[in-house]
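K.L.:
coordinates only, sequence not included:
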């Protein structure tokens, strides 16, 4: 059984827009790819929602660096996964798959993102997963709260440095 | 069948902490009850997560004003609903029930709230439901986004005025 | 608060095909309507998946007898509910809404039905809800199991008699 | 990108009791382990619910034969997975994770099993996944139905032979 005595690598979810548009789209996709690459180099498994845009770019970066990628799909057909997803998980859950994307990870990076990404940030915090954001949502509470937090990063390198540390610390009490 | 030709009343979800603490707790519960009361007077059905705190206060307010209340419970036992829930829906979904709370409503009011409430705000916007906040999360995007929005209100009366208008307009493209 | 000290009426889910076909279709829809009517007369709230076929027929029967009807919809638009649903719950869950249909009920009647109905029977038993079948699936285990059971009925009257008794007894250990 | 041009291996879910008891328990666990082993030898990835009993035995068999194993967990903690799960997916969905177990697979083998397994068989058929049973539920419809079917096998070898063929054919219209 010796081969089973090993530490599981950290799982990090990269979340963001499936079809980013506007003046920032190019930069966001570059960041997502760099985040995926740096996560793989850092020994993390990259979890995404398995579709296009930020999900595809992050998976591409991870695979190019020799990393492992998991795609948690909303639909019921594994063939919907982008070509860089090594382990496609077809859930059939629709939007409720957003809960699985973040719960299956030890910590989360958001790169850009629209309303779906905000829902994933909220669900991540609810499940005790800390979140690092890059050009994404700015979120503050009118109340003083403990528990998981949103950490803003300025570039891909900082985001990955922070999220790898948070992922190794693991979930916190929400 | 004439009795069936009628307009469905607006469904408004009131979301917030199941056990608010700290210096604002009292004010938040008062606001939640007032929101429930004003929603019922405005002809809306009040949807909540069916448990305590803000959910119970809002349901209490609605029932006291002669209104209808629905509680979308995370567990599998309808008896978990607070005593002001007229229609308990035991989902067995755990945190994924948060999606049902907001999707079953035409618009959403958040009164205070912690991480679970943030997840519901995110899911609401993802499903095209507009959100009004009272002493809750402040959320802005680093990008210019269309679609559903978060509207900050200063008191219960303003919150209900805005959310009733939004609920009548119905969901928007997310 | 005296008006709140009351026994909740039993909630009974009626499940079956949204578009029954074949030689039995007419009989199945008649049975579903009769089941809905008898449930309402027996004081039960009728829960369905809110769409057509058996769900619509059962809701029709219940409303015609002055009963209350809840429709747990797979989509995110309450307007998808059939016209006999008094309380539409848009879940946005897709097939996962099947879990909510049965968990929100105290017991379940299956009238005819295809694969979706079988999934609901399985989920009902998993959640400890007993099931009465009419012209539906025949299910037996190769092992001796305790817990909730499937009861075959020969007509609508027998099905409702049995399910009302089971609903009043409530869920059992699965 | 040449390394990406490859056929995904078939994903086969093995479902069954997390804690089998009674006179058949030993045989069922042996069958589950043999099913996992033969699936891995046949080139399939073994998907389970990630917990004990049949799930653990099937994962053990697969890993011992050098195969890949995925565990779709009901809880939110990947550490709940048994030690033979290579890719743990913590869903936080509770019983609703049963939908993900079968939807993420191309076909399903049930070995023994109680009510949860029946719910997975029903959900599998609903999602168009064909099912092979070993000492499990016997399911027939009172109506003539097309679509996915339940195939009864007499031993592990027959079950794996049939399910590998069905998995390669892929999902059918439910």
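P.N.:
Okay, I see it. Note that the coordinates shown come from a computational prediction; the quantities given were computed from them, not determined experimentally.
K.L.:
for residue A:129, give its distance to chain D.
P.N.:
To chain D, residue A:129 is 9 Å away according to Cβ to the nearest Cβ, to the nearest Å. In short, each C-beta sits where N, CA and C put it, glycine included.
K.L.:
could you measure from that residue over to residue D:154?
P.N.:
Relative to residue D:154, residue A:129 is positioned 46 Å away (Cβ to Cβ, to the nearest Å).
K.L.:
can you get me a residue count around the closest residue to chain C within chain A?
P.N.:
Closest to chain C within chain A is residue A:94: 4.7 Å, counting by Cβ to the nearest Cβ. Using other Cβ atoms under 10 Å in any protein chain shown, residue A:94 is surrounded by 21 other residues.
K.L.:
over to residue A:169?
P.N.:
12.
K.L.:
near chain D, which residues of chain A are found?
P.N.:
A:1, A:4, A:8, A:11, A:63, A:70, A:72, A:76-78, A:83-84, A:87-93, A:96, A:99-100, A:103-104, A:106, A:127-128, A:171 (Cβ under 8 Å from any Cβ of the partner chain).
K.L.:
buried subset of these, written for ChimeraX?
P.N.:
Selection command for ChimeraX covering only the buried members of the residues of chain A next to chain D, criterion 16 or more other Cβ atoms under 10 Å in any protein chain shown:
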select /A:11,63,70,72,76,78,84,87,88,89,90,91,92,93,96,99,100,103,104,106,127,128,171
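K.L.:
what does the helix or strand residue A:163 falls within rub up against?
P.N.:
Using DSSP states H and E, residue A:163 sits within helix A:156-169. With contact meaning Cβ atoms under 8 Å, 6 or more residues apart in numbering or on different chains, helix A:156-169 is reached by A:10-12, A:31, A:34-35, A:38-39, A:42, A:44, A:105-109, A:111, A:130, A:132-134, A:151, A:153.
K.L.:
what's the first helix or strand after the helix or strand bottoming out on mean pLDDT in chain A?
P.N.:
Lowest on mean pLDDT, DSSP states H and E among the helices and strands of chain A sits strand A:137-141, with a mean of 92. Remark: after strand A:137-141, the chain's next helix or strand is strand A:150-152, criterion DSSP H and E.
K.L.:
so what's the spatially closest residue to residue A:171 that is not a sequence neighbour up against?
P.N.:
Distances taken as Cβ to Cβ, 6 or more residues apart in numbering or on different chains put residue A:128 closest to residue A:171, at 3.8 Å, once the chain neighbours are dropped. By Cβ under 8 Å, 6+ apart, the contact set of residue A:128 is A:147-148, A:171-174, D:76.
K.L.:
quick check on residue A:90: phi, psi?
P.N.:
Dihedral pair for residue A:90: phi -80, psi 120, per degrees, to the nearest 10.
K.L.:
wait, it sits on residue A:76?
P.N.:
Yes. Residue A:90 lies in contact with residue A:76 (Cβ atoms under 8 Å); the separation is 5.2 Å.
K.L.:
between the two, which contacts overlap?
P.N.:
Contacts common to residue A:90 and residue A:76, judged by Cβ under 8 Å, 6+ apart, are residue D:103.
K.L.:
and whichever helix in chain A runs longest, which residues are buried?
P.N.:
Ranked by residue count, the top helix of chain A under DSSP state H comes out as helix A:25-41. Using 16+ other Cβ under 10 Å as the test for burial, helix A:25-41 gives A:25, A:28-29, A:31-40.
K.L.:
hmm, back to that, which one in the contacts of residue A:128 is the model shakiest on?
P.N.:
Among those, residue A:174 has the lowest pLDDT, at 80.
K.L.:
so the residue nearest to that residue when sequence neighbours are not counted versus residue C:8, what's the distance?
P.N.:
In this structure, residue A:174 finds its nearest non-sequential neighbour in residue A:128, 4.4 Å apart by Cβ to Cβ, 6+ apart. Using Cβ to Cβ, one gets 34 Å for the distance from residue A:128 to residue C:8.
K.L.:
now swap in residue A:98 and tell me
P.N.:
Following Cβ to Cβ, the distance that separates residue A:98 from residue C:8 is 33 Å.
K.L.:
related to what we said a few turns ago, who has more neighbours, residue A:129 and residue D:154?
P.N.:
residue A:129 (27 against 9).
K.L.:
among the contacts of residue A:128, which lie within helices?
P.N.:
Among these, no member lies in helices (by DSSP H).
K.L.:
for ChimeraX, what selects the buried ones among the residues you listed?
P.N.:
Of those, the buried ones can be selected in ChimeraX as follows, counting by 16+ other Cβ under 10 Å:
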select /A:148,171,174 /D:76
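K.L.:
between which two of the contacts of residue A:128 is the distance greatest?
P.N.:
Within the contacts of residue A:128, A:147 and D:76 form the most distant pair, 14.4 Å apart (Cβ to Cβ).
K.L.:
hmm, stretch A:35-46 touching chain B?
P.N.:
No. For a cut-off given as Cβ under 8 Å from any Cβ, stretch A:35-46 has no contacts with chain B; the smallest distance is 15.8 Å.
K.L.:
which residues does that stretch contact?
P.N.:
Contacts of stretch A:35-46 (Cβ under 8 Å, 6+ apart): A:9-14, A:57-70, A:109, A:111, A:134, A:156-157, A:159-160, A:163-164, A:167.
K.L.:
pLDDT (mean, whole number) over it?
P.N.:
98.
K.L.:
are we agreed that residue A:12 is in a strand?
P.N.:
Yes. Applying DSSP: H, G, I helix; E, B strand; the rest coil, one finds residue A:12 inside a strand.
K.L.:
for residue C:70, see how far away the closest residue to it other than its chain neighbours is.
P.N.:
Excluding the flanking residues, the one nearest residue A:12 by Cβ to Cβ, 6+ apart is residue A:44, at 4.6 Å. Relative to residue C:70, residue A:44 is positioned 45 Å away (Cβ to Cβ).
K.L.:
which residues does residue A:47 bridge with?
P.N.:
residue A:13, residue A:70 (DSSP bridges).
K.L.:
my read is that it contacts residue A:68, right?
P.N.:
No. Using Cβ under 8 Å, residue A:47 is not in contact with residue A:68; the gap is 9.6 Å.
K.L.:
between these two, which has more neighbouring residues?
P.N.:
residue A:47 (33 against 18).
K.L.:
would you mind measuring the gap between the ends of stretch A:164-174?
P.N.:
Using Cα to Cα, to the nearest Å, the end-to-end distance of stretch A:164-174 comes out at 19 Å.
K.L.:
for stretch A:43-59, that is, sorry about that
P.N.:
Start-to-end, stretch A:43-59 (Cα to Cα) is 14 Å.
K.L.:
what comes up buried for it?
P.N.:
Using 16+ other Cβ under 10 Å as the test for burial, stretch A:43-59 gives A:44-51, A:53-59.
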